[in-house]
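A.B. asks: predicted model and sequence follow; I will ask about them next.
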Amino acid sequence: MSHIHLPDGVLPANLWLLSYLAAWLWLRSALRQSEKEAVQRKLPFVAAMSALMLLTMSIPLGPLPFHLNLTVLTGIVVGPWLGFVAVVIVNIILSLLGHGGLTTIGINSLIAGLEVVVGWWLYHRLLHSWRRSWRTLLATGLALLLSISLSLGIVGSSTGMLDLAGHELHLGQDPIAEEQPAATLNVSTTADMGGEQGVIAVKAELLGLTGIGALAGILLAGLGLESLATLGIISYLQKVNPDLLQDEGPDIESGGQR
Amino acid sequence: MSFKLAGIDQLATSHPSFLQKWSSRGKVVGTAVLLLGIVAATNWRQIVVFLNLLVAIVLTAKLPVWLFSLALYPAIFSLPFALSKLSVSVAEAATVVGKATTAALLLALLVASTPYPQIFGALSRVLPPVLTDALFLAYRLFFLVVGSLERLLLSLRQRGAFGKGNFCWSFRVTLHAIGYLIANTLRLSQRLEQNYRLRGYGVRIYWGAEPYVWRMLDLAMLLVLICLVGGVLCFA
Amino acid sequence: MPEPLVDIRGLSHIYQDRTEVRVEGLPFVVMPGQKVALVGATGTGKTTLLQHIMGLLRPTRGQVRVCGSDPARSFAQIRWQIGAVMQNPDEQIIGPTVFDDIAFSLRARSLPAAEVNARVQAVAADLGIADLLNKVPHHLSGGQKQKVVLAGAVVGRPRLLVLDEPFSGLDTRSKQEMIRLICRLNGELDLAVILSTHDLELVPDIADWVYVLQQGQLVLAGPPATVLTQTTELRAAGLEPPALVQLGQELVRLGIIPEVPLNLSMGKRLLAAAETAR
Amino acid sequence: MPEPLVDIRGLSHIYQDRTEVRVEGLPFVVMPGQKVALVGATGTGKTTLLQHIMGLLRPTRGQVRVCGSDPARSFAQIRWQIGAVMQNPDEQIIGPTVFDDIAFSLRARSLPAAEVNARVQAVAADLGIADLLNKVPHHLSGGQKQKVVLAGAVVGRPRLLVLDEPFSGLDTRSKQEMIRLICRLNGELDLAVILSTHDLELVPDIADWVYVLQQGQLVLAGPPATVLTQTTELRAAGLEPPALVQLGQELVRLGIIPEVPLNLSMGKRLLAAAETAR
């Protein structure tokens, strides 16, 4: 949902270098932390979730041009620390295949990593006593909302696109004075999303659907879809393999051939 | 996607070209130098030089044309950024798209001329070992899961999964399929890890038999690249 | 003479990675209610042929007719005429419970819940898996899973059942049980059966007609008794004739029994007859 | 008497999901250079037993000794003594080319490149896959892939080769070729072989000792000629005796041949002898 297919060469150097540094520090502490959690035993699951995230990005959801990210689900299944490791792996492989740049691995990992951690924390900690369905929906929805707003702010402002508000940027209708802030937001989101959502936002603009309404609609649709999808997948796993959803994550010896 | 990955593997290991003469470490560092040049480029002329260089390499190495399609995604993903730059100038917009496309083509060239264990091996010099191991496992798993998914989708299609024109039904089936894939992939990852462990994985994955020394050929290639990147950036 | 259910001639399919798979030579024809085995070494194109029958692939060249129409073009109609069982049951079962999985194709056709329920119960009872309906498929044995897949394939009352290597991975008991079930469904529902396999031992028990595929050519066709005794031709196609048939041929040559036994029960019967005749 | 290579007694393993798998009854003992088949219906615990031998699982109860030590504890040492071939070759291939894959365990042991090269070339030539060394495993057939896995398992010159259902999915030709290769490796390298299977037809060709596992109990042990003719006991264990053995028993009862043939060549030999005797 909020994954950025941000290509190389659009972010200012200080931003991607800084995000590289931050992601590196986060990764170090994630690895140090997970060392205590028998990382060797859980490594296969990290790899599995990475492979699945890569895969679901190529499965369209019905007629809609969205794809799932599974970031929150990854957090729920392998935990917050190893979940970040999985996210880094996904971004490295994606960049090697042209989906997102090499210089943007840092920022992409930070934002997706945030979804992993917030999703895990909401699901397994804050809302622990809630019903599974509400807990899943809220954990996914809130985690995504947070990461979207954050990436909006960081990327939008740092690429200087917020400054473009003053320019005539509307591709659809004439801008009128009151609509200026909405237009600003729209453009920055376009920049932030970069990928399908960005393209959709631009399409929406071309269709004349400028303003906060169209944008909110698009974002909410994507956000709602990923939340519903996470819920659907979790209820399925709950029926089929409940041990995968335990707090400690799946255990190495369960399942498989006898 | 799986077709492309298998095709890339095939090219990387068995496509004869002058690229295979360079060591993988040389190629990885060379890629980094060129990438820095692309990222640091400030106008479209510089990008055009880099792009031409890469296209020339792809063509002289007789790599298949579909390699260019890998650079197509970033071109699309950079469009929104380009649109926002249109207000400044067309050249600015072209630079944004050009940068993304050229960088992606550069990486495509690297993966199509260097076997993946060697790329991961070079990465393992800078990345923590746990990350490299998981990266490697994820890459192998991806192949297996794609195969499994393809067969699953065929079977589902045959059973009438997606022909109903009913979004809710298709959505539910898709979620079940993804749920199934997750459960299955987690189990598969355990078997994979066990099989690898039996064969010596876990001590430290061995990433290829290249010696540590830099050969003259690699150094010469790097020197040429550095001069070229420096020249282009200063000149234009 | 009734119209053939399946009629395939001069098929060729070129995959995305440029490899070409051909099924030429004899025409591949299946009549209603017939049980046909398609045998050939691995990689000769058995699966490609079956996927064309199911309408999952479009031929690059050649003619494919199923129930009188082109299955790839009229996939939406043809689909309900065909039930399919593939090699790996794990890659076909996605319902969270056995019931959900068997009901899948009925729900895809938007049948009312009551009818779905009645049909699933009936087919599960018929195949002896009624007690599994509430189970999670993951925990079943390979043989049970394959029965679930079979139930899901025939619950929609198709006219044709296509099975692609359905026995690999099953033990002998489970294989025999699957064969018994398939033959019963064939008799009860007048269901035509097409089955691909590289295991010739099972062919006499399940098929009344055999096609042999050798490097893209259908080279032999006929009833099992005719085809399985042509050991030279089978070997040329990369197939090993059943051990029982080979031993039986020796016994015939020695004059101990009058004809080659195709399966164990026939062998025992022939020997018993030979004993009483002496 | 030499020390046994594998010695397992009263094994029980409780998985995380609380299911218990037992391998009790007779002790499971394998001597150096011996070829042992472990047969049993699916789900009886064959894989669990093999995983204990390979040190991948730690027994909840019972004793597991391999090469004189506990394989789960001294996994790092034991690993190089054991080569393993599992059911699905795709899940075992690591390298981007066949060469890299076969070389994997040698490189993991940091052997010098020249020795790695020599050993890989030798084993590939031995198994008849020297022409595949530069290929990408993804494009090979199932039988070729399984040979690559076998090469990767024996290239490190282990003392024990463990094979878990290595033939499922292979056609008869590939099965026979795998069997020939395994037997040759056994003879040349004095390699002990433990193989699990539910396909009794192949057991006489590959094993000189058979263990039968029935619901967590090792109930039968002995050479193939003894075990495979005990049809009642095998049926009780959920296994179907080979058709050839059953027909052979009839022939013995009728006095046509003096002993039960275990495979086709033995059957033909017995019949030829019977013919000349008449």
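C.D. replies: Sure thing, it's come through.

A.B. asks: would you map the helices across the stretch 101-250 of chain C?
C.D. replies: Taking DSSP state H, counting those that start in this stretch as the test, the helices found in the stretch 101-250 of chain C are C:113-126, C:142-154, C:172-189, C:203-206, C:224-227, C:231-236, C:243-253.

A.B. asks: ugh, typo on my part, it should be chain B
C.D. replies: For chain B, the helices defined by DSSP state H occupy B:2-14, B:24-40, B:44-60, B:72-77, B:79-85, B:90-113, B:116-123, B:129-158, B:167-198, B:216-235.

A.B. asks: and the third one, what's buried?
C.D. replies: Of the residues in helix B:44-60, those scored as buried under the neighbour-count criterion (16 or more other CB atoms under 10 Å in any protein chain shown) are B:44, B:46-51, B:53-54, B:57-58. Glycine gets a C-beta too; all of them are placed from N, C-alpha and C.

A.B. asks: turn the residues you listed into CSV, columns for distance to chain A and pLDDT.
C.D. replies: What follows is the buried residues of helix B:44-60, written out as CSV (distance: CB to the nearest CB, whole Å; pLDDT from 0 to 100):
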residue, distance to chain A, pLDDT
B:Trp44, 11, 85
B:Gln46, 11, 89
B:Ile47, 8, 89
B:Val48, 14, 90
B:Val49, 15, 91
B:Phe50, 11, 91
B:Leu51, 12, 91
B:Leu53, 16, 92
B:Leu54, 13, 92
B:Ile57, 16, 92
B:Val58, 14, 91
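
A.B. asks: which among these gets closest to D:Asp90?
C.D. replies: B:Val58 (31.0 Å; CB to CB).

A.B. asks: got the contact list for the closest one?
C.D. replies: For B:Val58, the contacting residues are B:67-68, B:105, B:109, by CB atoms under 8 Å, 6 or more residues apart in numbering or on different chains.

A.B. asks: what do you get for C:Gln87?
C.D. replies: C:Gln87 makes contact with C:164-166, C:168-169, D:169 under the criterion CB under 8 Å, 6+ apart.

A.B. asks: restricted to buried residues, select those residues in PyMOL.
C.D. replies: Here is the PyMOL selection string for the buried members of those, based on 16+ other CB under 10 Å:
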select buried, (chain C and resi 164+165+166+168+169) or (chain D and resi 169)
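
A.B. asks: so which of the contacts of C:Gln87 belong to strands?
C.D. replies: C:Asp164 (DSSP state E).

A.B. asks: for chain C, what's its nearest residue on chain B.
C.D. replies: Going by CB to the nearest CB, chain C is nearest to B:Gly160 of chain B, at 3.4 Å.

A.B. asks: now swap in the stretch 151-258 of chain A and tell me
C.D. replies: Per CB to the nearest CB, A:Lys239 is where the stretch 151-258 of chain A lies closest to chain C, at 4.1 Å.

A.B. asks: now that residue: which helix or strand?
C.D. replies: In the assignment (DSSP states H and E), A:Lys239 maps to helix A:212-240.

A.B. asks: I'd like the average pLDDT over that helix.
C.D. replies: For helix A:212-240, mean pLDDT rounds to 81.

A.B. asks: tell me, which strand in chain C spans the most residues?
C.D. replies: Counting by DSSP E, the longest strand found in chain C is strand C:6-14.

A.B. asks: so which bits of that one are buried?
C.D. replies: Under the neighbour-count criterion of 16+ other CB under 10 Å, strand C:6-14 has C:6-9, C:11-13 buried.

A.B. asks: state the next helix or strand along the chain beyond that strand.
C.D. replies: Sequence order places strand C:20-25 as the next helix or strand after strand C:6-14, per DSSP H and E.

A.B. asks: same for that following strand, what does it pack against?
C.D. replies: strand C:6-14, helix C:46-53, strand C:217-222 (3 or more CB pairs under 8 Å, 6 or more residues apart in numbering or on different chains; DSSP states H and E).

A.B. asks: could I get these as JSON lines with distance to chain D?
C.D. replies: Formatted as JSON lines, the helices and strands packed on strand C:20-25 follow (distance: least, CB to the nearest CB, whole Å):
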{"stretch": "strand C:6-14", "distance to chain D": "16"}
{"stretch": "helix C:46-53", "distance to chain D": "11"}
{"stretch": "strand C:217-222", "distance to chain D": "17"}
